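Undergrad: missing the sequence, but the structure's below:
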């Protein structure tokens, strides 16, 4: 191979890898990211059952029901609307009524939100950044 | 002597200014005295920073609440160790640690750079001085740890309990040693661009620094991941959280730099690319500092409402990255092009490594910054989490990991892929065997687990093959091979160890991701449950009083099949009284390389307690692998040849074959 | 003094670090190539040492030596000289500027940033100095240390309890009162103090727990004015304004004219009267101010503080008006302070702001105000 050919083959290889990576990134940005919603957004947003979303708001007062074993249901509210959530697992340390919470999961067929992760407001090391100001924006919680 | 510490910090800033200007001018006009002033300014600057840091530490240890910083982050009842580590457990203190390490590295260059060309050393010190001056100014104007309170409060507000952990004592300093270590590579790159001259001695100098920064960064990231694993009570070891990504990006770029520096050192090729990588790696370190320190991660809005700190660091970031890239664009052509090589060769393999690592860095970069950008531009909020990175970063890693064992087996300049593949036949057979065994005999194993574990084994065996081939095993007798193995340069062992460690970490990650079991149950005292062939008995909750917290300890007995108690697991829920903040302390039992992880939930009405139990097979390999990688780096660093500014003793380097 | 000496010493050290290499005569004009040559010689020496110790193989050492030799040959070509005189003069100017800059810049910057007149205050030293020099905080802290070591010292708890309350640490005051009573037995003063601390802890509301404490105090001393005052406040809170006023009047009659409670009771009565007239029975009785006034704090200071808090709330709502709860608090605060015009203005602003946001928040606020006896136009 000549010098030029060598260089071209390396550049072509590099472009192929970059192209694949770019394609991967775009596909992943489209499919693997989850949008963040508040209960009030749920009715207007067209969310398919099975689509992963994050749902944030405050835990509605008096709505927490600890069922058999580890199953918990509660409602997430933003003063305008509220959504019923079921969760099977251990709630975070700072999960309280009327405290900020972010849940991630999918809507079931009956309209309840089945969460597979629940994060509480003060889990400082693991609080998704997008949530706090969104809650603040809506005046749901004040520091 | 608090104020003396404050003054020392101011002096350190002024000395950084001197260090940034005199040697630069000296190198320009060829004046040895001006250049020498850079050395002593660097040493004195480090001394002053060390005094300031020591004073702040003393204030923490003595609970001097007349310092705002101590008042906000300490408490008189805190255990002494955490008073000590609290010094850098907050924004101001951590920035002071940052500049302490920066000036420390500057001082090392000043001390041990005697066999560097004088102008190169002067320019390197000047660039270090500029970075230092910028950060000293940032500290003094926006994050001064020596701000005072008068009258002094009588009690502090305590350190965030999550941060009260031995992990904190080690994690940030290691991480900073890594971040800031890359500043030396950056300074060397800028100095080379200023001089318009770059030779193999340059790479000889840059490689040990890169290696050292990389070792520390590897340790810092592994430590941080281990800390999150046992402290947060979630059992996760990596969350693809922006803060983690901020340290991961320089690591990826630094790993690429490490490899391209080898090519540059041994073969004088990839010079311009290596310079660019040096700049990019430290830029990513700066970006990490910006992301973590500006508050932009908690909220773009918070950043906009209190912009002083964020804008300051952003300015530093823009000036240094922008300036460096502009200089690169302007001067890079002046550097002599490097040697030639065939695509299939050691160099080619290293280029492949660089290609995949930098592409992977780019995907992490996009995943980390895209949500911030999107929010700033449109206000839409998305969360980019593990699924995104698993879909982009993962596929990029697979070809890279497959290629890793080939690299060291290829010859410089022109390699024989087929010969390398033949040598790797044992590694391939081993990997295939593991894949089949996992796929056929282990329950619940998916194709992913089988292939992933096979890949891990491939890496481990590939690294061992590398050593065996270098020792000539198979060609010479066993005894001779052993002698040859002992005579191998340490760098060869370093490479093999680092690749071995990578394989171990891969094994750990894949095995936890695909084979871990988790169950959540309610347990009453005396009840037992089966976990991965063991029996776990809950013995009840015991209240306990700690130094600055109260806790309920859940005591569990881990029993073998025959009912024999193997060990006790204590998992607790703590309440830190000063901040009224609850935390979960996981209980972990190590069995071989695997771990049983018990996390305590809320008590139920009927006297039981919710318990979350994970069986994490081979989880410890994740961190053992990191330690092995660090050991490989250290071994390579200790190789004498690295420190002698002499060329490679390879035969091919002496009698080069002309390229076709 | 010691501080200034240290600062002078540090400045001198830093200046010397810059000055010494500039003043030295060594290697005045070492050209770049000369230095390179030195480096290569250095490398050769190092190589030989390593070879002698067996750290590097003989063949490798030879190759390395050859390469270094080649480099030495390469640089031997061009050595350029620098104009000595001009270079020296330039150096002198730059050196002088740098040496001057160190003390000038650092002292100037420190003058802006530092607080040289503030001494260190390590906790241990603050605890062990002469008590007469100590601040109230420090004295309390010492008492705490003492009580941590001797938790069964009832007198200590007894002394500390009212001080806590005065320092606005009601929860700790409650604990201290309870400890004092456990160790020394209940008295009217301790029970009523406990009640007061509980009220303060509940943000000015006489809780059932507090009321019980006051009742117990009255069992010890029928005339205890604090307990009688707060029990009357409790009635007012429940909306029984007439009964509360009666109780306060009886209290005023039973107390000597120079009692500090007379003023407090009179103020409470006046407000109760106003409320009865203005709003029928919707407004809960005594306000925070009564309670704050009741504890013998600086009344004016307190009022100022409350005004300040309200002003801040007002300002915050101007910036961030989408906050229903905030508007409710503001309207109510103005009413409690007796500033009805301001309350009305705030209500109208709130309705306008919330109305713009959409939803029924504006209506909620209107209804809330109506309950407080306030009608927006």
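TA: That came through fine. In this text, all values refer to a predicted model and were calculated from it rather than measured experimentally.

Undergrad: what segments of chain A are strands?
TA: Along chain A, counting by DSSP state E, strands occupy A:34-37, A:53-59, A:65-66, A:71-77, A:82-88, A:100-107, A:113-120.

Undergrad: distance of the residue of the stretch 401-550 of chain B found nearest chain C relative to chain A?
TA: Proximity of the stretch 401-550 of chain B to chain C (C-beta to the nearest C-beta) peaks at residue B:487, 8.1 Å away. Placement of C-beta: from N, CA and C, glycine included. Look at residue B:487 and chain A: by C-beta to the nearest C-beta, to the nearest Å, they are 35 Å apart.

Undergrad: again, but for residue B:534
TA: For residue B:534 relative to chain A (C-beta to the nearest C-beta), the value is 21 Å.

Undergrad: nearest spatial neighbour of that residue, skipping sequence neighbours?
TA: With sequence-adjacent residues excluded and distances taken as C-beta to C-beta, 6 or more residues apart in numbering or on different chains, residue B:534 is closest to residue B:558, at 5.7 Å.

Undergrad: for that neighbour, helix, strand, or coil?
TA: Counting by DSSP: H, G, I helix; E, B strand; the rest coil, the backbone at residue B:558 sits in strand.

Undergrad: and for it, the neighbour number?
TA: Residues lying near residue B:558 (other C-beta atoms under 10 Å in any protein chain shown) number 19.

Undergrad: tell me the pLDDT at it?
TA: In this prediction, residue B:558 carries a pLDDT score of 91.

Undergrad: wait, doesn't it sit right on residue B:570?
TA: No - using C-beta atoms under 8 Å, residue B:558 is not in contact with residue B:570; the gap is 11.2 Å.

Undergrad: let me see the ranges of the helices in the stretch 551-660 of chain B.
TA: B:620-637, B:640-643, B:651-654 (DSSP state H, counting those that start in this stretch).

Undergrad: next up, the contacts around the most centrally placed residue in chain B.
TA: By C-alpha atoms, centre = their mean, chain B has its centre lying nearest to residue B:217, at 2.6 Å. Residues near residue B:217 by C-beta atoms under 8 Å, 6 or more residues apart in numbering or on different chains: B:174, B:175, B:177, B:178, B:179, B:181, B:247, B:250, B:251, B:254.

Undergrad: once you drop chain neighbours, what's closest to the second one?
TA: To tie it back to what came earlier, the one meant is residue B:175. Once flanking residues are discounted, residue B:175 sits nearest to residue B:220: 3.3 Å by C-beta to C-beta, 6+ apart.

Undergrad: for the particular helix or strand that has that neighbour in it, what does the pLDDT average out to?
TA: Residue B:220 belongs to helix B:200-231 when assigned by DSSP states H and E. On average, the pLDDT along helix B:200-231 is 87.

Undergrad: helix or strand right after that helix?
TA: Helix B:200-231 is succeeded, C-terminally, by helix B:242-267 (DSSP H and E).

Undergrad: and that following helix, anywhere near chain C?
TA: No - contact of helix B:242-267 with chain C (C-beta under 8 Å from any C-beta of the partner chain) is absent, the minimum separation being 12.1 Å.

Undergrad: flag the helix or strand of chain C with the lowest per-element mean pLDDT.
TA: Using mean pLDDT, DSSP states H and E, helix C:288-294 stands out as the lowest-scoring helix or strand of chain C, at a mean of 50.

Undergrad: do chain B as well
TA: helix B:651-654 (a mean of 33).

Undergrad: and what of chain A?
TA: Per-SSE averages on chain A (mean pLDDT, DSSP H and E): minimum helix A:129-137, a mean of 50.

Undergrad: ok, back up a step: burial of the residue of the stretch 401-550 of chain B closest to chain C, as a residue count?
TA: For residue B:487, the neighbour count with other C-beta under 10 Å is 10.

Undergrad: where does residue A:32 fall, phi/psi-wise?
TA: Main-chain dihedrals, residue A:32, degrees, to the nearest 10: phi -100, psi 0.

Undergrad: got a list of what it touches?
TA: Residues in contact with residue A:32 (C-beta under 8 Å, 6+ apart) are B:384, B:385, B:387, B:388, B:390, B:391.

Undergrad: same question, residue B:291
TA: In this structure, residue B:291 makes contact with B:242, B:243, B:246, B:297, B:368, judged by C-beta under 8 Å, 6+ apart.

Undergrad: quick one: buried ones out of the contacts of residue B:217?
TA: Using 16 or more other C-beta atoms under 10 Å in any protein chain shown as the burial test, the contacts of residue B:217 include B:174, B:175, B:177, B:178, B:179, B:181, B:247, B:250, B:251, B:254 as buried.

Undergrad: nearest to chain A, of the residues you listed?
TA: Comparing the buried ones among the contacts of residue B:217 against chain A with C-beta to the nearest C-beta picks out residue B:247 as the nearest, at 14.1 Å.

Undergrad: so how far is chain C from that closest one?
TA: From residue B:247 to chain C the distance is 31 Å (C-beta to the nearest C-beta).
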